[in-house]
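# Build me a structure from this.
(2 chains)
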Amino acid sequence: MKHWHKAITLAAAAALSTAAAYAQEPQRGGVIDVATIGEPPTLDPMASTADLVGIVSQNIFETLFTFGTDWKVVPLLAEAMPEISDEGRVYTIKLRQGVTFHDGSAMDSADVLASLQRWQKVASRGQQAAANIASIEAPDAQTIRITLKEPYAPLLSLLAFNNSAAVVLPSENMAVPMEKPVGTGPYMLKERKPDQYIQLARFDAYKGREDASDFYGGARHQYLDEIRFVPVPDPNTRVEGAVAGQFAYADSIPVESVGRLTGDKTEAVTLKPFGWPVFVMNTKEGLLSDVAKRRAVLTALNPEDLLIAGFGTSDFYAVDGSLYPEGYAWNNKEGVEAYGQGDPEKAATALSEAGYDGTTPLRILTSRQYEFHYKMAEVAAEYLKLAGFQVKLDVVDWATLTQRRQDPKAWDIFISHSPFLPEPSLIGVMQDTSPGWWVSEAKTAALKAFNAESDPAKRAELFGAVQKVFYDEVPAFKVGDFNAVAAKSPKLQGVTPAPWPYFWNAYLAK
Amino acid sequence: MIRTISHRLLGMLVVMLLVVTIVFVIVRITPGDPAAVMLGPDATSADIAALRTQLGLDRPLLVQYFQYLADVVRGDFGQSIFLGQPVLRALADRAEPTFFLTLFSLGIAVAIALPIGIYSAYRRGSAFDQSATTVAMLAASIPSFWLGLLMIQFFAVKLGWFPTSGYGGPGASFATRLGHLVLPAFALGIVSSALIIRFTRASMLDVLNDDYVRTARSKGMGEARVILRHALKNAMIPILTIIGLTAALLISGAVVTETVFSLPGVGNLVVNAVLRRDYPVIQGALLVVAGLYVLINFLIDMLYILVDPRVRY
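Predicted coordinates for the structure are as follows:
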């Protein structure tokens, strides 16, 4: 443990000193190699919810809105925030003028209309929005009007999100699957050699916003000539490549390798907190369709022991039952008293009262794609055995897990994780159709009130009621908060730690 | 000779048909779904079902099989689900690194193994022989990926002589690309040399006591000529067999090495295709690799005939 602290302290001190040495006015020019965890399954940001797709494609494509500091929705291709009328049912969105696509054509409302229609058909989040949308119209060349069936506050966040994203494409480029990755973003696709590199070059005709840069929002400066995303699936190779100075940025560094990020060619970048590991429970079929048994699971598990197993030291995690950590508007303590008990004896009593037969196995579906999932599964299995469950650990590869979790007969718990999404309605368990299939009157009522309210302060309060239902009905076990670590060259400046790192505004110091 | 070749070619066709069938069945019964991988963690069951229909994965297996067989006969290996390009194009794009990696590592393995194996046999029981046997056993026990990681740490990170991974960026010259192969080729070559050392030694020991070797020596022929001209030539058949098999093994061994070094070769393509369940790529790549195995074996059989005129089928 002491070694970890020492390594991190040294890395932080070195990072501070090198950062100070390189701090200077942004420079134009240069090429960076960004090591990613693999090849994105597609470059169509509507077609996938994978984070990697968002990380790469957000440089090429843009949405009407995006997220500013504190995850506030801010305009991007929209001129300003929408005019909302008819008691939250009609959103009138003015578009920025003079924006062009990478193919040279001008963007207008016909492109936005066609793109939003494609989004509703192709994108999971688009379909989520479509259920609430009555119509989308383009009353003139610079205006889009979205009419909702009833007030639906998550709409703007859905329009702002960068995966399964409502990106704007040229109206003549609506083919599915996407044929030409042409967007309005600051960088355009120059060449893609699958499993070798994705080469993005500065889009010289880019018309960005003129307001100050604000997280994903505001001005997007194109300091770098090129950004090359290089798939490096092996985490050790990513680390060594960063240490050798081959990569200006290496994403997703295993926490146990942070001590390796020393020397003058790389430094650790920590996003604290990044997200939450989650044990999703099958509320539809099987053992855990009984809420009493789900509560027994919650009572049995000790989150700190799981987090230590997964992340090694408290430098990389926090024991926190709130669905959003401090710093988010959604942070609250409703229902959290049920979290973190780690009391298998109490759980055993509850399980016995719930009528558990002691023989039906509790099937935990997990994968070693993310090693911390597996490590947490092993510790959880021991706690659950102490509580009296017969536990069966199904360790499969990620592709099998993503398929098997669609089958309610195949599992009782599956392990996943998520970044803290800017809008709670986007969280998987909040969707009735998401694996876990959590549906209840209390959930529907709490979410309906939350989604219908447009006032941010009132929404934050209403989210407390949603969290309360979450802990009452236990559709999932939030293990805690965890941090994400990346490696960055000290010369690479202007990179803001973010769940989906972006490289506009980044520059290479001389 | 022509009859032998045509019999062998017919046999190869049957083997390839079996390979197509077995690979198709194994890929389809393996759990996992390309649609779920493509759509990401938050996709709904309805989205996944829609994409499966779009990809034709909802059709009966027999229909998919015969359609695939007909396409393969026409030379169409299908379209990669994830790469947006035909399978043959994806394979062709990755042939260069795999070909040169296999060639270099085989060259390194042979360059290490032949002299050591021959000298070990010649000096049987000496300190050199015992050391060589021990080192060969050690090398055979080292996983190539582990050796690869060690070499990355030392030669790429510490000394900075070679890149840690990849195959060069956009516009990289041929020489630059080959430079990316040095470390993986040595990692693979060193591990592969162990088996060839042992076979070379054993094969040479078999022939060194034969009458013709004694006769050559008694005629006053120089030792180098006796060993290299007479003994080695006769020991070459098992050595050629093991070199051929090593070449074939290197293609599959390269799978792991290419992954560790992030080389965009056929091995890397197959690993990623398996992880993503990119059915057309898995099927196409395995078919091509199996075809190479069959072809290499065929060529080795032909070489036997050339090296030893007594060999007949």
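# Which residue ranges of the chain form helices?
Answering for chain A, as no chain was given. Read by DSSP state H, chain A holds these helices, from start to end of the chain: A:2-22, A:51-57, A:109-122, A:124-130, A:155-160, A:235-243, A:291-300, A:303-311, A:344-353, A:371-386, A:398-404, A:441-452, A:456-473.
# if you could check chain B rather than the one you did, that'd help
Ranges of helices in chain B, per DSSP H, are B:2-29, B:34-39, B:45-55, B:61-73, B:87-122, B:127-141, B:144-151, B:174-179, B:182-208, B:211-218, B:223-225, B:232-260, B:266-276, B:279-307.
# Out of those, the one nearest chain A is which?
Comparison of these against chain A by Cβ to the nearest Cβ identifies helix B:34-39 as nearest, at 4.0 Å. Where you see a C-beta, it was placed from the backbone N, CA and C, and this is true even at glycine.
# In contact with the residue lying closest to residue A:176 once chain neighbours are set aside, which residues?
Beyond its immediate neighbours in the sequence, the residue positioned closest to residue A:176 (Cβ to Cβ, 6 or more residues apart in numbering or on different chains) is residue A:122, lying 5.7 Å away. Residue A:122 makes contact with A:44, A:46-47, A:176 under the criterion Cβ atoms under 8 Å, 6 or more residues apart in numbering or on different chains.
# can I get those residues in CSV with pLDDT and neighbour count?
Written out in CSV, the entries for the contacts of residue A:122 read as follows (pLDDT from 0 to 100; neighbours: other Cβ atoms under 10 Å in any protein chain shown):
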residue, pLDDT, neighbour count
A:44, 94, 25
A:46, 95, 26
A:47, 90, 27
A:176, 87, 13
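# Out of these, which is nearest to residue A:393?
Proximity to residue A:393 was ranked across these by Cβ to Cβ; first place goes to residue A:47, at 32.7 Å.
# State the distance from that closest one to chain B.
Taking Cβ to the nearest Cβ, to the nearest Å as the criterion, residue A:47 is separated from chain B by 7 Å.
# Please tell me the pLDDT value assigned to the closest residue in space to that residue that isn't next to it in sequence.
Across the structure, with Cβ to Cβ, 6+ apart as the measure, the residue nearest residue A:47 apart from its sequence neighbours is residue A:122 (5.8 Å). Here, the pLDDT recorded for residue A:122 equals 90.
# before we move on, back to that, the helices of chain B into CSV, with extra columns for mean pLDDT and mean neighbour count?
Putting the helices of chain B into CSV (pLDDT from 0 to 100; neighbours: other Cβ under 10 Å) gives the following:
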stretch, mean pLDDT, mean neighbour count
helix B:2-29, 88, 13
helix B:34-39, 84, 25
helix B:45-55, 83, 17
helix B:61-73, 92, 13
helix B:87-122, 91, 20
helix B:127-141, 90, 14
helix B:144-151, 89, 19
helix B:174-179, 93, 14
helix B:182-208, 90, 23
helix B:211-218, 84, 13
helix B:223-225, 83, 10
helix B:232-260, 81, 20
helix B:266-276, 87, 24
helix B:279-307, 84, 18
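# Mind putting these into JSON lines with distance to residue A:38?
Compiled in JSON lines, the helices of chain B are given as follows (distance: least, Cβ to Cβ, whole Å):
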{"stretch": "helix B:2-29", "distance to residue A:38": "20"}
{"stretch": "helix B:34-39", "distance to residue A:38": "11"}
{"stretch": "helix B:45-55", "distance to residue A:38": "19"}
{"stretch": "helix B:61-73", "distance to residue A:38": "26"}
{"stretch": "helix B:87-122", "distance to residue A:38": "16"}
{"stretch": "helix B:127-141", "distance to residue A:38": "30"}
{"stretch": "helix B:144-151", "distance to residue A:38": "17"}
{"stretch": "helix B:174-179", "distance to residue A:38": "21"}
{"stretch": "helix B:182-208", "distance to residue A:38": "19"}
{"stretch": "helix B:211-218", "distance to residue A:38": "56"}
{"stretch": "helix B:223-225", "distance to residue A:38": "53"}
{"stretch": "helix B:232-260", "distance to residue A:38": "11"}
{"stretch": "helix B:266-276", "distance to residue A:38": "7"}
{"stretch": "helix B:279-307", "distance to residue A:38": "15"}
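# any idea which residue sits dead centre in chain A?
Centroid-nearest residue in chain A, with Cα atoms, centre = their mean: residue A:419, separated by 4.0 Å.
# I'd like to know how far the residue nearest to residue A:219 when sequence neighbours are not counted sits from residue A:79.
Here the nearest residue to residue A:219 in space, its sequence neighbours aside, is residue A:213; by Cβ to Cβ, 6+ apart that works out to 4.9 Å. Distance of residue A:213 to residue A:79, computed by Cβ to Cβ, to the nearest Å: 18 Å.
# cool, and residue B:286?
Residue B:286 sits 54 Å away from residue A:79, going by Cβ to Cβ.
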